[in-house]
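**Student:** with the input below, show me the fold.
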Amino acid sequence: MRIARVTVMAVACVAASVLPAVSSAAPAGAAKASAPHYYLALGDWLATGIGASSSADDYVNLIAEHEGTRYPNLQAVDLGCGGATTASMADGPGCSYTTGTQLGDAEAFLRAHPRQVAFVTIDIGADDVAACQSSSGLDATCAAAANSQISTDLPRELAELEAAGPGVPIYGMNYYDPFLASWLSGTAGQAVATQSIASSNQLNALLDQIYTAAGASTADPSSLFETDDTDPIGTYEGATVPQDVATVCQWTEACTSPGTIQPDDQGYGELAAAFEQVIDGVSIDTQGLPPGSAKRAYSAGLTATGGYAPYKWSIVGGALPAGLHLQATSGKIVGKPKSPGISTFTVQAVDTKDKVKPATQDSGTATLSLQVLAAPEGMPTSGLYATPQYTGSQITEFTVQYSSAPNADGVVSPLLMDVFVPPDAATAPRPTIVEIHGGAFVGGSRTDEDWDAQQVAMYGYVGAAIDYRLASLADAGNANAPALAAAATLDAQQSVRFLKANAATYGVDPTRIALLGNSAGGALSLATAVAADTPYSGPLSSYSASIAAAVSTGAFLTPALSDLTLTDSDAPSLMFMYAYDTASHITAAYAFETCGALRAAGNACYEVEQAGTGHTTSLTIGGQWWTSELGPFLWDQLRLSTAAH
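**Tutor:** Numbers count the residues shown, from 1 in each chain. Alright, predicted model coming up:
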């Protein structure tokens, strides 16, 4: 969409007049004003786009482009002025304006275009305090005076804007901290950077308070720039630095050009995103829910966008099926539905970040339906596939080569599989569980899973544990990681083809194969469930790599979802995650976006969230999750009530 932009600010302190548009407006009593189609931008040097490659890359134009889908023919009117403070905005001096001030021209424009201005954005206050910060640190007396001036000027300016354009939404902004770049200059600079965080937070808290009191919403670039994240997990030019420093270096020119604090194009994109979050408001993305089964554990997560997470979730109309409840903080519907039927209800997500929204917090609603099916037969309390049937001495173990692939040194090497076969499997083919080890794609071995695979066989399944190609430590976590994971997925697929090709030898039921993995192995399990069954030329080319079920712990596919083609024929999945994963540093909610995408494609996917922090949980057959989650899932998905007995 082409966005028309009325540029009334050129560079630092030169602005063109907007009053020709004002003076030509229709007089009172003339034809009714058209629908809103102006976006009024006010502020300091950030509003002018200094540092952006082109006007198309500054935050004002990016917002106009984004919001143009809601407001046809939207025109951005930019009154920003480099170096503007809250004092100069209202009283001058500053750029050249027809009325003499930025605020005066803004009020004139609002009055000349009643009901035509869709919204106003404003970034102001940074230049009030910028002079108080130097290479030696913050002048506290200066900063206190500047904050006092902001407290006097900004409320008055917001009130005058509201009076000039009653009801026009106003969106303010807090600030990122460019002075974090001082960290790179040594011990003294690190002290300055640390002090600057406190100063930045003080300014932002003041701005949030003022905007909220005026009934305006506050965009939060500070959070997007990770201002308070001082964990030493970031990198800059090969060195480890605090994450907030790394982010400022990535999104501004402060680290490459000392003394220059403006964003680069990516940084302006983040400023635009911050504004868009509050302008767009909260929207619930979930369009459908997977069916549940009576008297069986149910878990499905709701998702929302817009505003600022976390959201507060509630049911505001209708009711969930009896036995289920909606978790207010996680947005998950959990419990055990009591009886079959269909329930329709309305859910609400509320933006609870007080410093962003005033008391009338932004919210979104959606009406959904959830079907509860009659309970399946369910896993029995004892018997084949439910409890141990054999001793370890009755299990036969084979070590076989199922494929070959280049190792980390590029040398083609055999890929081995240990197969554990219970008695009589050759005459009565058994469902099979393939155990896949973890190790971040750089370590681990099939032998790590041999004990679990043998336990599987003692319950009556065929158990298997596989090796797959590993990367070198030098490749771990770098740009090659996706390609390495993809290669390992091909190995997991090959192991399935091998078992099907040799089903008679090992007593495998080729229609009842499940993959179970932890960490990297869990990722391979999930990836095999959704990967295309790509044909290839080889001795196993006539066999499919499709599986009946996938189980993972400490793994997810969320970062790769945009690259996957999910279909309703992908294998059902069961995911176990801690509330916070200590290896990947993500939340279960993020990981379970994988399940959401699978369900949206028409597949069954179940989530088990463990409280607290950790990485993987034990999924040993007969272990803590066997009777409640893992066993029933395998019983249903492998159709064990009709399997060989």
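**Student:** point out where the stretch 301-450 of the chain drops to low pLDDT.
**Tutor:** The stretch 301-450 of the chain contains residues with pLDDT under 70 at 353-362, 375-376.
**Student:** nope, the stretch 1-150 of the chain is what I meant
**Tutor:** Applying pLDDT under 70 to the stretch 1-150 of the chain flags residues 1-36.
**Student:** all helices of it, in order?
**Tutor:** For the stretch 1-150 of the chain, applying DSSP state H, counting those that start in this stretch gives helices covering 19-23, 45-48, 59-67, 86-91, 102-112, 126-130, 140-164.
**Student:** point out the most buried one among these.
**Tutor:** helix 45-48 (a mean of 27; mean count of other Cβ atoms under 10 Å). C-beta here means a position set from N, CA and C on the backbone, and glycine is covered the same way.
**Student:** got the CA positions of that one in PDB?
**Tutor:** C-alpha atoms of helix 45-48 as PDB (Å, rounded to 0.1, in the frame of the first residue of the first chain):
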ATOM      1  CA  TRP A  45      14.900  14.000  16.800                       C
ATOM      2  CA  LEU A  46      13.500  10.400  16.900                       C
ATOM      3  CA  ALA A  47      10.300  11.600  15.200                       C
ATOM      4  CA  THR A  48      12.400  13.300  12.500                       C
END
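**Student:** which strands or helices does it pack on?
**Tutor:** Packed against helix 45-48 by the contact rule (3 or more Cβ pairs under 8 Å, 6 or more residues apart in numbering; DSSP states H and E) you find strand 9-11, helix 59-67, strand 117-123.
**Student:** now Leu638. Its backbone dihedrals?
**Tutor:** Dihedral pair for Leu638: phi -90, psi 0, per degrees, to the nearest 10.
**Student:** which residues touch it?
**Tutor:** Pro431, Arg512, Ala514, Ala548, Ala549 (Cβ atoms under 8 Å, 6 or more residues apart in numbering).
**Student:** and if we set it to 10 Å?
**Tutor:** Leu638 is in contact with 385, 430-433, 461, 509, 511-514, 547-549, 572, counting by Cβ atoms under 10 Å, 6 or more residues apart in numbering.
**Student:** with Gly631 instead?
**Tutor:** Gly378, Met379, Pro380, Tyr385, Ala386, Thr387, Tyr459, Ile621, Gly622, Gly623, Trp625, Leu640 are the contacts of Gly631 under Cβ under 10 Å, 6+ apart.
**Student:** quick one on the thing from earlier: from the contacts of Leu638, which is closest to Glu157?
**Tutor:** Pro572 (57.4 Å; Cβ to Cβ).
**Student:** my guess is that closest one contacts Ala604, does it?
**Tutor:** Yes: using Cβ atoms under 10 Å, Pro572 is in contact with Ala604, at 3.9 Å.
**Student:** before we move on, the earlier item: show me the one of the helices of the stretch 1-150 of the chain that comes nearest Gln348.
**Tutor:** helix 59-67 (24.0 Å).
**Student:** from Gly507, how far off is the nearest residue to Gln394 once chain neighbours are set aside?
**Tutor:** Nearest residue to Gln394 in three dimensions, chain neighbours excluded: Pro423, at 5.6 Å (Cβ to Cβ, 6 or more residues apart in numbering). The gap separating Pro423 from Gly507 is 9 Å, by Cβ to Cβ, to the nearest Å.
**Student:** what do those two both touch?
**Tutor:** Thr396.
**Student:** settle it for me: which of these two has more neighbours?
**Tutor:** Gly507 (23 against 15; other Cβ atoms under 10 Å).
**Student:** residues in contact with the more buried one?
**Tutor:** 396, 419, 421-430, 432, 461-462, 644.
**Student:** just the closest of those to Ala532, please.
**Tutor:** The nearest one, if we look at the contacts of Gly507 relative to Ala532 and count by Cβ to Cβ, is Thr432, at 21.9 Å.
**Student:** I'd guessed that closest one sits against Leu499; true?
**Tutor:** Yes: using Cβ under 10 Å, Thr432 is in contact with Leu499, at 6.1 Å.
**Student:** any residues in contact with both of those two?
**Tutor:** Joint contacts of Thr432 and Leu499 (Cβ under 10 Å, 6+ apart) are Val419, Val462, Ala464, Tyr506, Val508, Asp509, Pro510, Ile513, Ile547.
**Student:** closest one of the contacts of Gly631 to Asp452?
**Tutor:** Taking Cβ to Cβ as the measure, Asp452 sits nearest to Ile621 out of the contacts of Gly631, at 7.0 Å.
**Student:** who wins for proximity to Tyr402 among the helices of the stretch 1-150 of the chain?
**Tutor:** helix 59-67 (50.3 Å).
**Student:** now Ala583: phi and psi?
**Tutor:** Torsion angles, degrees, to the nearest 10, at Ala583: phi -90, psi -40.
**Student:** which non-adjacent residue is nearest it?
**Tutor:** Ala583 sits nearest to His615 (Cβ to Cβ, 6+ apart), 4.3 Å away.
**Student:** residues contacting the one you found?
**Tutor:** By Cβ under 10 Å, 6+ apart, the neighbours of His615 are 438, 518-519, 553-555, 577-578, 580-584.
**Student:** now, of these, which are buried?
**Tutor:** Among those, those classed as buried by 16 or more other Cβ atoms under 10 Å are Gly438, Asn518, Ser519, Thr553, Gly554, Ala555, Met577, Tyr578, Tyr580, Asp581, Ser584.
**Student:** now for the contacts of Gly631, which sits with the most neighbours around it?
**Tutor:** When neighbours are counted by other Cβ under 10 Å, Ile621 leads the contacts of Gly631 with 26 neighbours.
**Student:** got a list of what that residue touches?
**Tutor:** Per Cβ under 10 Å, 6+ apart, neighbours of Ile621: 385-388, 433, 435, 452-459, 461, 463, 516, 630-631, 634.
**Student:** so which of these sit within strands?
**Tutor:** Ile433, Glu435, Gly463, Leu516 (DSSP state E).
**Student:** quick one: stretch 331-348 to chain centroid distance?
**Tutor:** Offset of stretch 331-348 from its chain centre (Cα atoms, centre = their mean, to the nearest Å): 25 Å.
**Student:** follow-up on the earlier one: nearest to Lys295 among the contacts of Gly507?
**Tutor:** Of these, the one sitting nearest to Lys295 (Cβ to Cβ) turns out to be Tyr461, at 25.3 Å.
**Student:** how much space is there between the closest one and Ile124?
**Tutor:** 67 Å.
**Student:** now Ile547
**Tutor:** 58 Å.
**Student:** repeat that for Thr427.
**Tutor:** 81 Å.
**Student:** among the two, which residue is more densely surrounded?
**Tutor:** Ile124 (29 against 8).
**Student:** surely that one meets Ala216?
**Tutor:** No: when contacts are counted by Cβ under 10 Å, Ile124 is not listed as touching Ala216 (12.0 Å).
**Student:** need the overlap of contacts for the two.
**Tutor:** Common neighbours of Ile124 and Ala216 (Cβ under 10 Å, 6+ apart) are Gly172.
**Student:** helix, strand, or coil at the nearest residue to Ala591 once chain neighbours are set aside?
**Tutor:** Of all residues not flanking Ala591 in the chain, Phe556 sits nearest, at 3.7 Å (Cβ to Cβ, 6+ apart). Of the three states, Phe556 takes coil according to DSSP: H, G, I helix; E, B strand; the rest coil.
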